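>>> let me see the structure of the following:
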Amino acid sequence: MPELPEVEVTRRSFADRIAGGRVEAVRVGKPLRWPLGVTPQALVGRTVTGVRRRGKYLLIDLDQGVLLLHLGMSGSLSFAPSQPQPGAHDHFDLVTTRGVLRLNDPRRFGAVVFAPGEDAAQAVKLLGRLGVEPLSDAFDLDAFHQRLRRRNAPIKQVLLAGDVVVGVGNIYASEALFLARIRPTLRASRISRPRARLLQQAVRDVLARAVERGGSTLRDFSNAHGEAGLFQLDAMVYDRAGQPCRVCGTAVKTIRQGQRATYFCPTCQKP
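As a prediction, this is how the structure comes out:
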């Protein structure tokens, strides 16, 4: 699933190019996770004023309203002056005077939803319960630690939930916990303030490096230029079960948490 770094990399790969484009047509293919919310024709004539990100959502700002776009499990965007005839997995085209933005999503768990504004019910339903942005100044240590203290679930699960801090997906949670030397099974409520500081910085460092490396491509992720990510090549523990830890040489272990694979070093990461 595309996570925060992949979504941010995607945003940067087309945001400047589509800004200022006037919508000339909208094509909707097979139904996605949620309906568009308006007729495609209702978007024609509106102008794209910018593209932002909130968690794993892309917010395409229009001069009237906003499109909330989620890549789901397998979605990807491409942006070009023109696009070939849509294929079986091409489910949304936003045709503008600056180019055509296309959503390809084989599993159709992605979505494009129109909202009159970010405070409208449609947007609040999708964005209202998201946690703080980890790469922003709003990611405050005291608030982070206080919210961890109220959660008795394993720290890996709390990071994945997205209501404390948003966008720390499975790969990046394993990597951040390794960098902070915290065992993923440790209850969040038991994390001290000094360890919370280490984890806060680790989350920021891992996500920032992932953005710099173009995200992670494990199967088919690519940005709007069609370029794959490279962060997975730098992983310290993720997908390295049985291989020696890059720090101490101990074999990396894997366990299942919430039906997701978790990777950690039993020596470097303390419970």
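>>> burial count for residue 72?
Other residues lying near residue 72 total 20 when counted by other CB atoms under 10 Å. Every C-beta, even on glycine, is put in place using the N, C-alpha and C of the backbone.
>>> swap in residue 77?
Residue 77: 24 neighbours (other CB under 10 Å).
>>> mind checking the SS state of it?
Here residue 77 is recorded as strand under DSSP: H, G, I helix; E, B strand; the rest coil.
>>> from here on, count from 19
Right, with 19 as the first residue, what we last looked at is residue 95.
>>> local confidence estimate at it?
On the pLDDT scale, residue 95 is placed at 95.
>>> ok, it - contacts?
By CB atoms under 8 Å, 6 or more residues apart in numbering, residue 95 lies in contact with 28, 32, 76, 87, 89, 119, 120, 121, 122, 241, 242.
>>> hey, what's it bridged with?
Beta bridges link residue 95 to residue 121 when assigned by DSSP bridges.
>>> can you map out the helices along the stretch 119-268 of the chain?
Listed in chain order, the helices of the stretch 119-268 of the chain (DSSP state H, counting those that start in this stretch) span 139-145, 159-167, 173-179, 188-197, 211-230.
>>> ends of stretch 77-87, how far apart?
6 Å (CA to CA, to the nearest Å).
>>> so for residue 67, which of the helices of the stretch 119-268 of the chain sits nearest?
Closest approach to residue 67 among those is made by helix 139-145 (15.9 Å; CB to CB).
>>> so what does that closest one touch, helix or strand wise?
Here helix 139-145 touches strand 84-88, strand 129-133, going by 3 or more CB pairs under 8 Å, 6 or more residues apart in numbering; DSSP states H and E.
>>> just the CA coordinates of it, formatted as CSV?
Taking Å, rounded to 0.1, in the frame of the first residue of the first chain, the C-alpha atoms of helix 139-145 are listed here in CSV:
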residue,chain,number,x,y,z
ALA,A,139,-19.0,16.6,5.8
GLN,A,140,-17.4,14.6,3.0
ALA,A,141,-13.9,15.8,3.9
VAL,A,142,-14.4,15.7,7.7
LYS,A,143,-15.5,12.1,7.4
LEU,A,144,-12.2,11.1,5.7
LEU,A,145,-9.8,13.5,7.3
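>>> how far off centre is that helix?
Helix 139-145 has its C-alpha centroid displaced from the chain centroid by 17 Å (CA atoms, centre = their mean, to the nearest Å).
>>> just the buried residues of it, please?
140, 141, 144, 145 (16 or more other CB atoms under 10 Å).
>>> try stretch 68-79
Judged by neighbour count (16+ other CB under 10 Å), stretch 68-79 contains these buried residues: 69, 71, 72, 73, 74, 75, 76, 77, 78, 79.
>>> how close does the fifth one get to residue 184?
Spelled out, that is residue 74. From residue 74 over to residue 184 the distance is 8 Å, taken as CB to CB, to the nearest Å.
>>> and the third one, by the same measure?
With the distance defined as CB to CB, residue 72 ends up 8 Å from residue 184.
>>> isn't residue 187 up against residue 21?
Yes - between residue 187 and residue 21 there is a contact under CB atoms under 8 Å: 3.2 Å.
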